[in-house]
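Visitor: have a look at this prediction, sequence included:
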Protein chains: 2
Amino acid sequence: MALENQELRKAGLKVTLPRVKIYQILERAGEGQHFSAEDIYKMLMESGEDVGLATVYRVLTQFEAAGLVSRHHFEGGHSVFELARDEHHDHVVCVKCGRVREFVDQELTQRLNDIAEELGFTVTDRTLYLYGVCRDGCEEDE
Amino acid sequence: MALENQELRKAGLKVTLPRVKIYQILERAGEGQHFSAEDIYKMLMESGEDVGLATVYRVLTQFEAAGLVSRHHFEGGHSVFELARDEHHDHVVCVKCGRVREFVDQELTQRLNDIAEELGFTVTDRTLYLYGVCRDGCEEDE
DNA sequence: TCGCATTTGTAAATGGCTTCCGTTTTCGCC
DNA sequence: GGCGAAAACGGAAGCCATTTACAAATGCGA
């Protein structure tokens, strides 16, 4: 528990109940899990925490600014969040079952840097989503 | 002029003034130009055309469904459109000057397909944006 | 423990986009 | 060239994720 507090303080944020709770949710979810602000809001409600939706948005934005979480904009609208990790990873999204998987590929990164280089451009970040379908059946919504 | 009409008819769309005008705007802009619905709406207003914003959105969506244009969702919100081309291309966005450049890279596509393959996934589409800065000065807004 | 700046919750506002609906336009058919 | 059903339009209202305004509540250094 002191751990989250450390993280928050390190980021220059006061340790408040909403921030701790939201951080815990993201933390418990583990890698590869992505939540919308709405998702997190619902989880808080369900566990009896009385946190406003506006606060969820505010906190997530602060976390993002502090580098604690990263925000992804999938095609078609709202953002999802996940705890930031050191290594850049990209996403694969199944348009049938909605499942999101991640991958890290150094060769890909290298190629992208080369391409940018040729264009006289220095890459600082990227968003890459592959859309398609799981090869093995995936009819059921996850 | 008959050309646009052909395209529209081919797409199963009646030839109406708003559709023709919007198509022309996209066409005249040429490759590498991206417009938001709002942009297009303003251009129509400026050239004295009395087209509703709702119609602009409708038409762009129809064009997209018909494969005439492609829609891109850059980080941070609203969509931009451009005339569709045969070859899939990706984007480089300068976060300083806002310039957008495009590229096509077969090796990249190959690598992405391989990665997806390893994950048991079949790619049907992708969105890839590289964010960064132009190496040569680009202070001035485009 | 106190004081006050920060943070929060609620409600209202925003902004991109879509839908509703009465009116206008297109275009196949005469 | 003119008719009329079907499609498309414009404007206003609606939707929905997100942000903002503001007064009340809270964290935390002194």
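Guide: Arrived safely, thanks for sending. Residues are numbered from 1 along each chain as shown, chains lettered A, B, ... in the order given.
Visitor: rest of the way, CA atoms for contacts and neighbours
Guide: Will do.
Visitor: distance of residue A:8 from DNA strand D?
Guide: Between residue A:8 and DNA strand D the distance, using CA to the nearest atom of the strand, to the nearest Å, works out to 8 Å.
Visitor: is it true that that residue touches residue A:14?
Guide: Yes. Residue A:8 lies in contact with residue A:14 (CA atoms under 8 Å); the separation is 6.8 Å.
Visitor: which one's more surrounded, those two?
Guide: Set side by side, residue A:8 and residue A:14 show unequal neighbour counts under other CA atoms under 10 Å in any protein chain shown, the larger going to residue A:8 at 20 against 12.
Visitor: if I pick the more buried one, what's in contact with it?
Guide: With CA atoms under 8 Å, 6 or more residues apart in numbering or on different chains as the criterion, the residues that contact residue A:8 are A:14-15, A:19-20.
Visitor: show me what counts as buried in the host helix or strand of residue A:61.
Guide: Mapping residue A:61 onto the secondary structure by DSSP states H and E places it in helix A:53-65. Buried residues in helix A:53-65, counting neighbours by 16 or more other CA atoms under 10 Å in any protein chain shown, are found at A:53, A:56-57, A:59-64.
Visitor: what about whichever helix or strand comes after it, near DNA strand D?
Guide: Using DSSP H and E, the helix or strand that directly follows helix A:53-65 along the chain is strand A:69-73. No. Taking CA under 7 Å from any atom of the strand as the criterion, strand A:69-73 and DNA strand D are apart, separated by no less than 7.6 Å.
Visitor: neighbouring strands for strand A:69-73, and are they parallel or not?
Guide: Applying DSSP bridges, strand A:69-73 is found paired with strand A:79-83 (antiparallel).
Visitor: the strand it pairs with and DNA strand D in contact?
Guide: Yes. Under the criterion of CA under 7 Å from any atom of the strand, DNA strand D is reached by strand A:79-83 at A:79-80.
Visitor: likewise stretch A:13-33?
Guide: Yes. Taking CA under 7 Å from any atom of the strand as the criterion, stretch A:13-33 and DNA strand D are in contact, through A:14-17.
Visitor: and that stretch, how far out from the chain's middle?
Guide: Centroid separation for stretch A:13-33 versus its chain: 12 Å, with CA atoms, centre = their mean, to the nearest Å.
Visitor: I'd say residue A:82 and residue A:25 touch.
Guide: No. Residue A:82 is beyond contact range of residue A:25, at 9.9 Å (criterion: CA under 8 Å).
Visitor: longest single strand anywhere in chain A?
Guide: Among all segments of chain A classified by DSSP state E, the strand with the greatest residue count is strand A:121-134.
Visitor: what about the residue of chain A found nearest DNA strand C, how many neighbours?
Guide: Going by CA to the nearest atom of the strand, DNA strand C is nearest to residue A:51 of chain A, at 3.0 Å. When neighbours are counted by other CA under 10 Å, residue A:51 registers 17.
Visitor: over to residue A:13?
Guide: 16.
Visitor: can you check the one 3 residues further on too?
Guide: The number of residues packed near residue A:16 is 10, by other CA under 10 Å.
Visitor: for it, what are phi and psi?
Guide: phi -120, psi 160 (degrees, to the nearest 10).
Visitor: interface residues of chain A facing chain B?
Guide: By CA under 8 Å from any CA of the partner chain, the part of chain A that sits against chain B consists of A:73, A:75-77, A:92, A:108, A:111-112, A:116, A:120-136.
Visitor: for PyMOL, what selects the buried ones among the residues you listed?
Guide: Selecting only the buried entries of those in PyMOL, with 16+ other CA under 10 Å as the criterion:
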select buried, chain A and resi 73+75+92+108+112+116+121+122+123+126+127+128+129+130+131+132+133+134
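Visitor: how is chain A carved up into domains?
Guide: Per the record's domain assignment (automatic domain parsing), chain A is made up of the domains A:2-83, A:90-132.
Visitor: hmm, the helix or strand of chain A with the lowest mean pLDDT touching DNA strand C?
Guide: Taking mean pLDDT, DSSP states H and E as the measure, the helix or strand of chain A with the lowest value is helix A:2-10, at a mean of 84. No. Judged by CA under 7 Å from any atom of the strand, helix A:2-10 makes no contact with DNA strand C; its nearest approach is 9.6 Å.
Visitor: output the next helix or strand after that helix as PDB, nothing but the C-alphas.
Guide: Moving toward the C-terminus from helix A:2-10, the next helix or strand (DSSP H and E) is helix A:17-29. C-alpha atoms of helix A:17-29 as PDB (Å, rounded to 0.1, in the frame of the first residue of the first chain):
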ATOM      1  CA  LEU A  17      -8.300   8.300  -1.800                       C
ATOM      2  CA  PRO A  18      -9.500   8.500  -5.400                       C
ATOM      3  CA  ARG A  19      -5.900   8.500  -6.800                       C
ATOM      4  CA  VAL A  20      -4.900   5.600  -4.600                       C
ATOM      5  CA  LYS A  21      -8.000   3.600  -5.600                       C
ATOM      6  CA  ILE A  22      -7.600   4.200  -9.200                       C
ATOM      7  CA  TYR A  23      -4.000   3.400  -9.100                       C
ATOM      8  CA  GLN A  24      -4.700   0.100  -7.400                       C
ATOM      9  CA  ILE A  25      -7.300  -0.800 -10.000                       C
ATOM     10  CA  LEU A  26      -4.800  -0.300 -12.800                       C
ATOM     11  CA  GLU A  27      -2.100  -2.100 -10.800                       C
ATOM     12  CA  ARG A  28      -4.200  -5.100  -9.900                       C
ATOM     13  CA  ALA A  29      -5.300  -5.500 -13.500                       C
END
